[in-house]
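*Asks:* Can you look at this prediction? I've put the sequence above it.
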2 protein chains.
Amino acid sequence: MMNRREFSATLLGAAAASVIPSGARGTDIGSASQPARRVNGARLNEHLTALSRFGRTEAGGVNRVAYSDADREARAYVMQAMRTAKLEPSVDAAGNIIGRRAGRDASLKPILFGSHVDSVPDGGNYDGPVGSLAAIEVAQTLAEQGILTRHPLEVTIWQNEEGGLYGSSAVALGLTEKELANVSRSGKSIADGIRFLGGDPARLAEARRRKGDIAGYLELHIEQGGTLEKEKIAIGVVEGIVGIGQWEVTVTGFANHAGTTPMPGRQDALLAAARFVDMVHRVVTATAGRQVGTVGRMQAFPGAPNVIPGRVVCTLELRDLDAAKIAALYARIRTEADAIARATGTTFAYTELHTNHPAPSDPRVRALIAASARELGLSTKVMPSGAGHDAQTMATLGPMGMIFIPSIGGISHSPKEFSTPEDIVNGANVLLQTLLKLDAGLPA
Amino acid sequence: MMNRREFSATLLGAAAASVIPSGARGTDIGSASQPARRVNGARLNEHLTALSRFGRTEAGGVNRVAYSDADREARAYVMQAMRTAKLEPSVDAAGNIIGRRAGRDASLKPILFGSHVDSVPDGGNYDGPVGSLAAIEVAQTLAEQGILTRHPLEVTIWQNEEGGLYGSSAVALGLTEKELANVSRSGKSIADGIRFLGGDPARLAEARRRKGDIAGYLELHIEQGGTLEKEKIAIGVVEGIVGIGQWEVTVTGFANHAGTTPMPGRQDALLAAARFVDMVHRVVTATAGRQVGTVGRMQAFPGAPNVIPGRVVCTLELRDLDAAKIAALYARIRTEADAIARATGTTFAYTELHTNHPAPSDPRVRALIAASARELGLSTKVMPSGAGHDAQTMATLGPMGMIFIPSIGGISHSPKEFSTPEDIVNGANVLLQTLLKLDAGLPA
């Protein structure tokens, strides 16, 4: 038998993890003066390469939308990898894969950590797989190093993240009948997709969890923006996941002959929409902060070169960590659009498309992530996640933390999406250390 | 036999028209102190109502695109009306209807006058029909009043005006094989359409005319803009038909995640395109004049609310009577767009879609139109035609003049297109007087 050692949480935060004999691998957890535990980085990157086969495109990315054959094949691979990592995988009623590992204290709530393996159409190999396979690698490292945590662990691979966080929402928030009837990019309804993955929409209540049902949730993910790379930072400590307000904006003017209608008499809906786009940019950048505002869709009607547009349909999206800031920006934009409408003889109408409330991460978990990175000699930056993640639904159940690694060129949702093997291993090691600290207990 | 009287061109400009006995109708041409000759206004408006049956839509307009069944039926009606007006109608090799009336001097070149009866999809009842049926009404009035002109007359109903002045272009400029292969809104190629109307694309050369082959061309048309109505002017004396420059403009930035890409790092093609639209408006309105500039088509790609547009495709159209002004505006716009591109990290590329050279009307014919209106007690305004017309191709063959009447609300290419019966009769009377003056001879 090997020694069983415990360490002070104030030193490493991994205080309560027990070291269990596990054959040839070393079992020292380390201390402030000792090297931190490490995952098998080479293996993790091999697994990423292996997973990228499922749905591979000519461009070198993947088409692995939820509920596709490629998605199901990738999930079979993931479940096999879980078994190798001594996890007990199962599919919950919502179609999520959960790989369980017992803890020392069965009375404790589980710590969850994971990500997703579905992709956007023509997506890349890193958005989701990095966090998913790193979570399995962490579990395998624990198994090999003979570490038994206090808390039960669950590696969670959420289904259909890209289509709208369906798997994690089913667990944290529940799905409505209307949501179950939504048609996903695979062409299947969400309900049919859940069945396709081995879940059962009729038993969704069994997958449901409530606030306090988990001890915490951790997710490693690529940044999907270019900030970390640009600033040469290894690890992003996610402050929270931004809220999103999305509207469809219809600008109505009067379509008329572009040759016979003098400039002063026009009610040009596109001129008004153009000023709207420029104004949104000005309003959003007028104050300090990481808020973003985007007009992503725009079309002019009737859309002929020789007809003054009578109608323009566009979208407005605002994101920030602070819901009040989104509301204030939106109000300011509406006021300024009213002035544009008056000046151009047009009207603006708004329809809400979508609202996501901001999901702050737990400041105590953030501190554990930062401490873990520091111990590994990695630089950190506290930053918002501009993209949505399953972590935002998990934040409603318990303390949530997210770890970012750099995306080269800030490119994501593209075959060109890339993170270096080194950064991926750094992220996995921070995940491992943070998990151990979280297992030891959150600071007061 | 009745008297034959001649009048001084300096008085009426109808000097050389001969009055031929014509039964019950009066034969006095009038003088400066006598009322000018008038068409049968009630009959003209009845004919307009009758023509509006062909291709009528539920909205009260017409769908009578060239080469449709409705187009062919309307043309049959027109040819019957010509016969009633003692014209000899025939279809030339290009598919145009020409209603001939002999003059006193067979050695003189003919005076042409007319318009078109095809419509845009979901068009109105006035764009084309007013000038077409007024021309026939003028011919019928001449016949009834026993007036034989010096010049041979030809009432011309040009085919496929709305699709791109194909009928008049075949006569004045010739059609290329490529143009003959173009697919019209009817779904037929131009060549097939010409055959459908009774023309023969293989014999187009027979329809062709050269510079100097005509003594003049007159066309009455609705304004299609709102200037005459707004200024309470009865008759527009068209200075010329504006030139048109049309370009497709592609703005290229970099598509990226709208949540994870901070505002400063963006290369937003839609922000650049929006500034382009506003700048075009500013540049075009910066100098006095009637020039117009329009961005009529715009679409952002990929076109998702949560993706920064990487590409925008839009159009730019510039119109003015002066080709040099169009060129100068275009140069200025390109220069300013370069600055927008630098500021937004985007690029602008331009493809020429279409160029129409300006076609000034003959100043002597303008003087005849103005004098005719004055004699009829009608107010006039000299103005450009912002829309294209068959008159612009005819201007390459001989002295051209165009007469505008008010469009209520400036609306055209719409079922709501409307001109009052009174304005239509005024226009037809001006056409009649101008024709008689032109027949007498152009002022030096």
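*Replies:* All right, it came through fine. Numbering: from 1, shown residues only, chains lettered A, B, ... in the order given.

*Asks:* which regions of the stretch 51-200 of chain A lie under the pLDDT threshold?
*Replies:* Low-confidence segments of the stretch 51-200 of chain A, defined by pLDDT under 70: none present.

*Asks:* Do a quick rundown of the strands in it.
*Replies:* Taking DSSP state E, counting those that start in this stretch as the criterion, the stretch 51-200 of chain A carries its strands at A:88-91, A:97-101, A:111-116, A:147-148, A:153-158.

*Asks:* In the sheet, which strands lie alongside the shortest one, parallel or antiparallel?
*Replies:* According to DSSP bridges, the neighbouring strands of strand A:147-148, each with its direction, are strand A:18-19 (antiparallel).

*Asks:* Could you do the second one as well?
*Replies:* Sheet pairing here is set by DSSP bridges, and for strand A:97-101 it gives strand A:88-91 (antiparallel), strand A:153-158 (antiparallel).

*Asks:* Quick one: residues in contact with that strand.
*Replies:* A:75, A:78-79, A:82, A:85-92, A:110, A:136, A:139, A:142-143, A:149, A:152-157, A:159 (Cβ atoms under 8 Å, 6 or more residues apart in numbering or on different chains). C-betas here are computed from N, CA, C, even on glycine.

*Asks:* how about stretch A:117-134: buried residues?
*Replies:* A:117-120, A:123-134 (16 or more other Cβ atoms under 10 Å in any protein chain shown).

*Asks:* Stretch A:376-386 too?
*Replies:* Within stretch A:376-386, the residues scored as buried using 16+ other Cβ under 10 Å are A:376, A:378, A:380-381, A:383-386.

*Asks:* Using PDB, list the CA coordinates for that stretch.
*Replies:* What follows is stretch A:376-386, C-alpha atoms only, in PDB (Å, rounded to 0.1, in the frame of the first residue of the first chain):
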ATOM      1  CA  LEU A 376       1.400  25.700 -13.100                       C
ATOM      2  CA  GLY A 377       3.400  28.900 -14.000                       C
ATOM      3  CA  LEU A 378       0.700  30.000 -16.500                       C
ATOM      4  CA  SER A 379      -0.400  33.600 -17.000                       C
ATOM      5  CA  THR A 380      -4.100  34.400 -16.600                       C
ATOM      6  CA  LYS A 381      -6.600  37.100 -17.600                       C
ATOM      7  CA  VAL A 382     -10.100  37.500 -16.200                       C
ATOM      8  CA  MET A 383     -12.500  37.900 -19.100                       C
ATOM      9  CA  PRO A 384     -16.100  37.400 -20.100                       C
ATOM     10  CA  SER A 385     -17.200  34.600 -22.300                       C
ATOM     11  CA  GLY A 386     -18.900  36.300 -25.300                       C
END
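
*Asks:* Just checking that stretch against chain B, any contact.
*Replies:* Yes - with Cβ under 8 Å from any Cβ of the partner chain as the measure, stretch A:376-386 is seen reaching chain B through A:385-386.

*Asks:* pLDDT (mean, whole number) over that stretch?
*Replies:* Averaged across stretch A:376-386, the pLDDT comes to 97.

*Asks:* same deal with stretch A:332-340?
*Replies:* Mean per-residue pLDDT for stretch A:332-340: 98.

*Asks:* Figure out how far stretch A:294-314 is from the centre of its chain.
*Replies:* Its chain's average C-alpha position is 33 Å from that of stretch A:294-314, according to Cα atoms, centre = their mean, to the nearest Å.

*Asks:* Compute the first-to-last residue distance for that stretch.
*Replies:* 10 Å (Cα to Cα, to the nearest Å).

*Asks:* buried sites along that stretch?
*Replies:* Here stretch A:294-314 shows A:294-301, A:303-314 as buried, counting by 16+ other Cβ under 10 Å.

*Asks:* now do stretch A:63-78
*Replies:* Neighbour-count burial for stretch A:63-78 [16+ other Cβ under 10 Å]: A:63-68, A:70-72, A:74-75, A:77-78.
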